[in-house]
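K.L.:
What shape does this take:
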Amino acid sequence: MELELRHLRMVLAIAEAGSVTKAAAALGLAQPALTTQLQRIERILGGVLFIRDRRGVLPTPLGDLVLARARVLIPAVTGLHDEASELITAGGTARYRLGATNGPIVGGLVRRLNDAHPGGPVSIHSTWSENEIAQMVVDGRLDYALLGACSALAGLPPGLVWQAISVDAVWVLLNDRHPLAGEDEISLGELADEAWITSPGDSCFHECFAAACAREGFAPRTPTEIDASSAFDLVAAGGAVALAQGSVRQVQGTIAIPLRGVPLRWRHLLGWDPETPAADQAAELYGYAVESYLEVLLQRPRYARWLAAHPELGVQKAVSLLPGRGLSGRPGRSGRRDPKIA
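P.N.:
Here you go, the predicted structure:
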């Protein structure tokens, strides 16, 4: 993992607030989530950034160095985004600045936008951080967010409208020589002793996974976060099992198996600010996103057959999930900080 601009914003927020707890509140994050992020940043940089005493936190010499650079880099990058946005807007051309976490429909969506608007700017910002993308939409540096979540958009900034594109079952990805590889479905409890891996992210997925395992009567090993390519390699080598969307592609040496009872679900969500011009193109993006999802299903016939027996899953109706303007309403902001997904 590399140091990113959002990491610098977190470090700066902690220094300005004087405590991790106050900084978490200012950023709209849970305190444990910010603590985990700080630990990741410190691992990236190879040292401790803050020391804690009864008055709060104080930067170490390494922390002072990082803060000095952050105070220069953050305004510079923000200014660059603002100037680029003004240049595009002045040209009078519709723009589609999309931020996305890993997901199977991103490529198809971008391709359809490029085909439909060959003269218009279409850009993609990819990261594993849902919080980073949502904040960039709030700040006006992106027009749309394409995110994944298991149950709640906990900690994301308020003011955006969210529309579910699809809801998918989470399956388990096994080595094709695993003793359970030939089963039609597997219960989580049968995998209680396994080493788990999953994709990086700052959503609530780990909490949802732990709760699902608790309902099966066991506490799982904490999943190791690893990029998708490495995850396939590790599973194929028999080193772990992975949690994956049911639409996961087939890779030699691995097999995806449904989890009995669908204990975990993954939602693909499109978000935008209802008080910006992006709201006028939201219906278009939703339509292209659905087309891209259905295209993926054509390439995954096994999962498509499974979905046919679970009609509550798959493509979701175009109904706004938050108060405010959905795909056919009028503007209106929501002040809820942790909106639940319908």
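K.L.:
Against which helices or strands is the strand ranked longest in the chain packed?
P.N.:
Longest among the strand segments of the chain by residue count, using DSSP state E, is strand 161-175. Packing partners of strand 161-175 (3 or more C-beta pairs under 8 Å, 6 or more residues apart in numbering; DSSP states H and E): helix 228-236, strand 241-245, strand 254-257, strand 265-272, helix 282-299, strand 314-315. Glycine gets a C-beta too; all of them are placed from N, C-alpha and C.
K.L.:
is it fair to say residue 58 lies in a strand?
P.N.:
Yes. Judged by DSSP: H, G, I helix; E, B strand; the rest coil, residue 58 forms part of a strand.
K.L.:
Verify the contact between it and residue 48 for me.
P.N.:
No. If you go by C-beta atoms under 8 Å, residue 58 and residue 48 don't touch, sitting 11.0 Å apart.
K.L.:
hang on, the earlier thing: now distance to residue 144 and mean pLDDT too, for the helices and strands packed on strand 161-175, in CSV please.
P.N.:
CSV is the format used below for the helices and strands packed on strand 161-175 (distance: least, C-beta to C-beta, whole Å; pLDDT from 0 to 100):
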stretch, distance to residue 144, mean pLDDT
helix 228-236, 22, 82
strand 241-245, 20, 88
strand 254-257, 29, 92
strand 265-272, 5, 90
helix 282-299, 6, 90
strand 314-315, 18, 87
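K.L.:
Of those, which is nearest residue 161?
P.N.:
Smallest distance to residue 161 across these (C-beta to C-beta): 6.0 Å, for strand 265-272.
K.L.:
Give me the helices and strands touching the closest one, please.
P.N.:
Where contact means 3+ C-beta pairs under 8 Å, 6+ apart, strand 265-272 is packed against helix 130-138, strand 144-149, strand 161-175, helix 282-299.
K.L.:
Would you mind getting the angle between the third one and helix 282-299?
P.N.:
With axes from the mean of the first three to the mean of the last three C-alpha atoms, to 10 degrees as the criterion, the two stretches strand 161-175 and helix 282-299 enclose an angle of 20 degrees.
K.L.:
before we move on, what about the shortest one?
P.N.:
Angle between the axes of strand 144-149 and helix 282-299 is 50 degrees (criterion: the same axes, to 10 degrees).
K.L.:
For strand 144-149, which outside residues touch it?
P.N.:
96-103, 105-106, 109, 130, 133-134, 136-137, 153, 160, 201, 203-205, 266-272, 278, 282, 285, 289, 341 (C-beta atoms under 8 Å, 6 or more residues apart in numbering).
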